[in-house]
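> show me the folded form of this:
(chains A, B, C and D)
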2 protein chains.
Amino acid sequence: MLYAGFMSTAPPPFPTPQEPVALPELLQLETTPEADEPCLRADAARNRARLLEAAGRLVAERGADAVTMEAVAAAACVGKGTVFRRFGDRTGLLTALLDHSEKKFQAAFLSGPPPLGPGAPPAERLRAFGRGMLRRSVDELELQLAAEPGANRRFVVPARRVLRHHVAMLLRQAVPDADCELLSHTLMGQLDPALIHHLTKQCGIPLARLEEAWTDLVDRLTGTESAP
Amino acid sequence: MLYAGFMSTAPPPFPTPQEPVALPELLQLETTPEADEPCLRADAARNRARLLEAAGRLVAERGADAVTMEAVAAAACVGKGTVFRRFGDRTGLLTALLDHSEKKFQAAFLSGPPPLGPGAPPAERLRAFGRGMLRRSVDELELQLAAEPGANRRFVVPARRVLRHHVAMLLRQAVPDADCELLSHTLMGQLDPALIHHLTKQCGIPLARLEEAWTDLVDRLTGTESAP
DNA sequence: TTACGATCCGGACCGAGGTCCGTTTAATGT
DNA sequence: ACATTAAACGGACCTCGGTCCGGATCGTAA
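Residues are numbered from 1 along each chain as shown, chains lettered A, B, ... in the order given. Predicted structure coming up:
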């Protein structure tokens, strides 16, 4: 099931990785069919569903700011502690809300049709990747922003690692002579939800210009030329 | 006095800018000799100094995490409200602590000697800029991380705007045919304190590699070749 | 059915950021 | 020196994220 979204029951928010994640681990997780919600007790599973439903309703009705842990707990008729045990922290809850779209996108670039999926040349896949990220961001901007963890953890979020790792792989194919690990961070920076929000909502820059900038960046870095 | 650091007395944290800051405003601020601490009342100025001193001591002795607003207030023998009135919020206080080094760096790339300052070709100034930022970051990483505001405000922090604006200017000279506003965001992303922290502290990547990646990025984008 | 251990639940509790407002005080004018 | 007023002060107070632990509940095995 792709990446397994976010921890569904693990209290340690992240395994304190000291070095770049190993590829095998990634693939293993991707092939586990039901890695999330692993044998959750009946009441626990029921409360988890209740909580997600309540949180989603709160976001829809009153915006992401209204998604207070206490409010969610109350709306789900559940104790506050339950929310934290299930999702770890606020970021975990919000991330879980984004999980579905996240997995869909992962499926698209991992095994979907070209140019996003395998089959197209790497540079073109990169361009499609950026377009996809940008489009996805504008839909869920508020949630993605609210789900952003503190500065310390920004780069440790599993979902982001998967995305960055994919970019790094494409880069290795397209620009073998570069430091693709670091370069992938640079590219991902351009797709950061906070930046997208700033540029589109606060600066009024149209999405099309962001897409152009992305493809132009890919062009320059890979030395290729995209079709107009 | 360069940029005027962070607000020194203004309760509104930032003027809600809807579009890229205008260049004239920047220059005006840069030429005001004592724009910060504008006509602060005697007791206010004294308390401000006390607070900065106390906060600095706390950082040095017990780390940035120990810099609680209440702790700083207590250490400075001052009420909690005073801290907030003076610095707006925690981010403001931490930013004020970084102000000195910030202004020094601004002076260096605005009017210092080449290659960082004016006089060198833009691509080379860019390379020097990245080196300077990286070096400065490793010194003050903890503070810079702690001073990072929430996701919404990351790109509105005045100091960051000045830096980014400078990069954009250099880019316009070096790569006139690109969208330099957006490209500058990309470059600045590579110098983000949170990223630096992640790469150096959590991934163990040596600083030299980050510097190489930076110069390589500049090379690729500007089409120039740096000296080995 | 019952007993038992692991898991989960709930809400009291804590710390920290941020707000508010009645009080104090520094600057200025008379 | 004294009155006036705008600014600064301080700490009580609020909210919210996060922790803790005694008690309830589920799954299981006898």
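> can you list phi and psi of A:Pro118 for me?
Per-residue torsions, A:Pro118: phi -60, psi 150 (degrees, to the nearest 10).
> pull the number of nearby residues for the residue lying closest to it once chain neighbours are set aside.
For A:Pro118, ignoring the flanking residues on the chain, the nearest one in space by CB to CB, 6 or more residues apart in numbering or on different chains is A:Ser111 at 7.1 Å. For every residue, glycine as well, the C-beta is placed using N, CA and C. Residues contacting A:Ser111 under the criterion other CB atoms under 10 Å in any protein chain shown number 11.
> do you know how far A:Ser111 is from B:Val83?
54 Å (CB to CB, to the nearest Å).
> give me the pLDDT for A:Asp139.
On the pLDDT scale, A:Asp139 is placed at 92.
> what number of residues lie near it?
Burial of A:Asp139, expressed as a neighbour count using other CB under 10 Å, amounts to 10.
> what sits against it?
With contacts defined as CB atoms under 8 Å, 6 or more residues apart in numbering or on different chains, the neighbours of A:Asp139 are A:Ser101.
> just confirm it is within a helix.
Yes. A:Asp139: assigned to a helix according to DSSP: H, G, I helix; E, B strand; the rest coil.
> any idea how far A:Met133 is from it?
Taking CB to CB as the criterion, A:Asp139 is separated from A:Met133 by 11 Å.
> near chain B at all, the helix or strand hosting A:His165?
Under the criterion DSSP states H and E, the helix or strand holding A:His165 is helix A:158-174. No. Under the criterion of CB under 8 Å from any CB of the partner chain, helix A:158-174 makes no contact with chain B; the nearest approach is 10.7 Å.
> hmm, the following helix or strand past that helix in reach of chain B?
On the C-terminal side of helix A:158-174, the closest following helix or strand by DSSP H and E is helix A:180-190. Yes. Using CB under 8 Å from any CB, helix A:180-190 comes into contact with chain B via A:Leu182, A:Leu183, A:His185, A:Thr186, A:Leu187, A:Gly189, A:Gln190.
> any idea of the mean pLDDT for the helix holding A:His165?
Mean per-residue pLDDT for helix A:158-174: 97.
> gap between that helix and the chain center?
Relative to its parent chain, helix A:158-174 has a centroid offset of 12 Å by CA atoms, centre = their mean, to the nearest Å.
> same question for stretch A:150-169.
The offset between the C-alpha centroid of stretch A:150-169 and the centroid of the whole chain comes to 8 Å, using CA atoms, centre = their mean.
> also stretch A:168-186?
For stretch A:168-186, the separation from the chain centroid amounts to 19 Å (computed by CA atoms, centre = their mean).
> for that stretch, measure first residue to last.
Across its full length, stretch A:168-186 reaches 10 Å end to end, with CA to CA, to the nearest Å as the criterion.
> close to DNA strand C: what parts of chain A are there?
A:9, A:40-41, A:43-44, A:46-47, A:77-82, A:84-86 (CB under 7 Å from any atom of the strand).
> tell me the first helix or strand C-terminal of the least confident helix or strand in chain A by mean pLDDT.
The least trusted helix or strand in chain A, going by mean pLDDT, DSSP states H and E, turns out to be helix A:23-31, with a mean of 36. Downstream of helix A:23-31, the next assigned helix or strand under DSSP H and E is helix A:42-62.
> list the helices and strands that next one packs on?
With contacts defined as 3 or more CB pairs under 8 Å, 6 or more residues apart in numbering or on different chains; DSSP states H and E, the packing partners of helix A:42-62 are helix A:69-75, helix A:80-87, helix A:90-111.
> quickly note the distance from A:Gly56 to DNA strand D.
Remark: distance between A:Gly56 and DNA strand D (CB to the nearest atom of the strand, to the nearest Å) = 16 Å.
> isn't that residue up against A:Asp99?
No. A:Gly56 sits out of contact with A:Asp99 when judged by CB atoms under 8 Å, with a separation of 11.4 Å.
> those two - which one has more neighbours?
In this view A:Gly56 and A:Asp99 are compared by other CB under 10 Å, and A:Asp99 has more residues nearby, 18 against 15.
> need the nearest residue in space to the residue of chain A found nearest chain B, chain neighbours excluded.
Closest residue of chain A to chain B, CB to the nearest CB: A:Gly189 (2.8 Å). Beyond its immediate neighbours in the sequence, the residue positioned closest to A:Gly189 (CB to CB, 6+ apart) is B:Gly189, lying 2.8 Å away.
> same question for A:Leu221.
Residue nearest to A:Leu221 in three dimensions, not counting chain neighbours: B:Arg220, with 5.7 Å by CB to CB, 6+ apart.
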